[in-house]
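> Need a 3D model of the following:
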Amino acid sequence: MIQRNPYLRYIIPIAIIISLVYLLSTNFGQAIALVIFFTMVYIILYFLYYNMWAKHIGAIMVFLFGRSYFMQKMIPLLAAMLKVDDHVSSTELSQVKRFFQKQFKPEKASSFSTALDEFIKNDLSLKKHIASIKYSLPDAEKKQLIHTLVWIATIDRVLTKKEELLLKYITVQLGIRLRVYHQTLRLFEFQNEKDYYEQSRRTQSAAASSNISLLKKAYKVLDIDASATDKEIKKAYRNLAKKYHPDRVFHQKEMAKTKFQTITAAYDLIKNERGFV
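As a prediction, this is how the structure comes out:
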C-alpha cells in the first residue's frame, strides 16, 4: 500500500506561499511582507478548517458518499483493535469481513477486506488516523465508530486490558466523552479479562476436584486401593465382572445389569486415568 507523506499538509502550503511571493513581490521587503501575510492567511484558514469547517465537510461527505466514506476512515482503527492483543483472532476477523459483506456490495466489501488485511500486516500511525477522523467526521459517526470497536473487542465475550485501554484512548483522542464509551459498553455482554480467568480457574479446579472424587469412588467400586498395580486392577475387574454378569445372576438380572454397568464404568475411568489398555 502506498503511504501518504505525513508532511504533505505542510509542504504544499509552503510551496504555494513561495510561488505567490515570487510572482507578486518586486523587492526583498515586499517579499517578506507577502510571506508574513500569506502565512497568517494560511494559519487562519487552517484554524477555521480544523475547528469549524472540517466536521461540516465530513458530514457532507458522509451524506454524498454514504457509509463507504465512513468505512474508509474506520478501517485503520478496526485493524488496530483486531491486533491489539498481539494476535489476530480468526473469529473476530471473519466477523468483521462478514459485516462488510452484509453492509456493502461485493466489490466494495472485497475492497474493504483487502484494505483491512493490509493495515493488519503493516504498522500504522494510530494517532494520525484518529486525528483524521476527529477532524473529518461529525460526532454521530464517531460515536458509531466507538460502538463498532466495542463490538469487535467483545465478540469473544471477553474484554482484555489492552482492548479496554485502546478503546479509552481512541474515545478520548476523538474528543468523545468517556461517559459515551461506558454507556456503549453496557449494550454488550462480556466479562473483564480478570473475571474471565478467575472463573476459568475455578471451573478447572472444580473439574479436577470432581475427577478426584470420581476416581476414589471407582477404586471403591472395584474394592481395591488406589495404590494397586495395573495387573491387580485388571484382575479385580475380571472377578467382579464374572460375579455380577447378568447372564450369571439370572434370578436378579436387572440388579446385576446395573451393578455390571457401574463396575465397567469405574474400570474404564481408572483405565483412562492410568493410560493402560
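> Need the three-state assignment for T26.
coil (DSSP: H, G, I helix; E, B strand; the rest coil).
> With the one 5 residues further on instead?
Assigned by three-state DSSP, the conformation of A31 is helix.
> got a pLDDT number for it?
A31 is assigned a predicted lDDT (pLDDT) of 84.
> what's the pLDDT at the closest residue to it other than its chain neighbours?
Leaving aside its sequence neighbours, A31 sits nearest to S25 (C-beta to C-beta, 6 or more residues apart in numbering; 3.9 Å). The C-beta positions use only the backbone N, C-alpha and C, and glycine is treated the same way. S25 is assigned 81 on the pLDDT scale.
> please begin residue numbering at 31 from this point
In the new count, where the first residue is 31, that last one comes out as S55.
> Below-threshold pLDDT in the stretch 181-307 of the chain: ranges please.
222-239, 279-281, 307 (pLDDT under 70).
> Tell me which stretches of it form helices.
Counting by DSSP state H, counting those that start in this stretch, residue ranges of the helices within the stretch 181-307 of the chain are 191-203, 208-215, 223-251, 260-273, 283-304.
> so how far is A145 from the residue nearest to the spatial centre of the chain?
Nearest to the geometric centre of the chain sits A183, at 3.7 Å (C-alpha atoms, centre = their mean). Distance from A183 to A145, counting by C-beta to C-beta, to the nearest Å: 20 Å.
> and what of K289?
Separation of K289 from A145 (C-beta to C-beta) stands at 67 Å.
> Need the residues that contact the host helix or strand of K173.
Element membership of K173, judged by DSSP states H and E, is helix 169-183. Identification of contacts with helix 169-183 by C-beta atoms under 8 Å, 6 or more residues apart in numbering yields 85, 88, 92, 100, 104, 107-108, 111-112, 122, 125-126, 163-164, 167, 189-190, 193-194, 197, 200-201, 204-206, 210-211, 214-215, 217-218.
> Now that we have these, which of them are buried?
85, 88, 92, 100, 104, 107-108, 111-112, 122, 126, 163-164, 167, 189-190, 193-194, 197, 200-201, 204, 206, 210-211, 214-215 (16 or more other C-beta atoms under 10 Å).
> and L154, that's in a strand?
No. Under three-state DSSP, L154 sits outside any strand and is assigned coil.
> who's in contact with it?
Applying C-beta under 8 Å, 6+ apart to L154 gives the contacts P106, A109, A110.
> Out of these, who's the most crowded?
Ranked by neighbour count under the definition other C-beta atoms under 10 Å, these are headed by A109 with 24 neighbours.
> and the gap between that residue and N302?
45 Å.
> go on, W181?
Taking C-beta to C-beta as the measure, W181 falls 42 Å from N302.
> and if you look at F218?
For F218 relative to N302 (C-beta to C-beta), the value is 40 Å.
> What is the burial count for K135?
Other residues close to K135 by other C-beta under 10 Å number 10.
> That should have said S143, apologies.
Neighbours of S143 (other C-beta under 10 Å): 18.
> quick one: secondary structure of L108?
Applying three-state DSSP: L108 is helix.
> Local confidence estimate at it?
The model's pLDDT for L108 equals 93.
> again with V51
Taking V51 on its own, its pLDDT is 80.
> element containing it?
Using DSSP H and E, V51 falls in helix 38-54.
> what residues are up against the nearest residue in space to L123 that is not next to it in sequence?
Excluding the flanking residues, the one nearest L123 by C-beta to C-beta, 6+ apart is L112, at 6.1 Å. Contact analysis of L112 by C-beta under 8 Å, 6+ apart lists V118, S119, E122, L123, V126, L146, I150, I182.
> before we move on, the earlier item: in TSV, list the helices of the stretch 181-307 of the chain along with distance to L175.
Formatted as TSV, the helices of the stretch 181-307 of the chain follow (distance: least, C-beta to C-beta, whole Å):
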stretch	distance to L175
helix 191-203	8
helix 208-215	10
helix 223-251	23
helix 260-273	62
helix 283-304	51
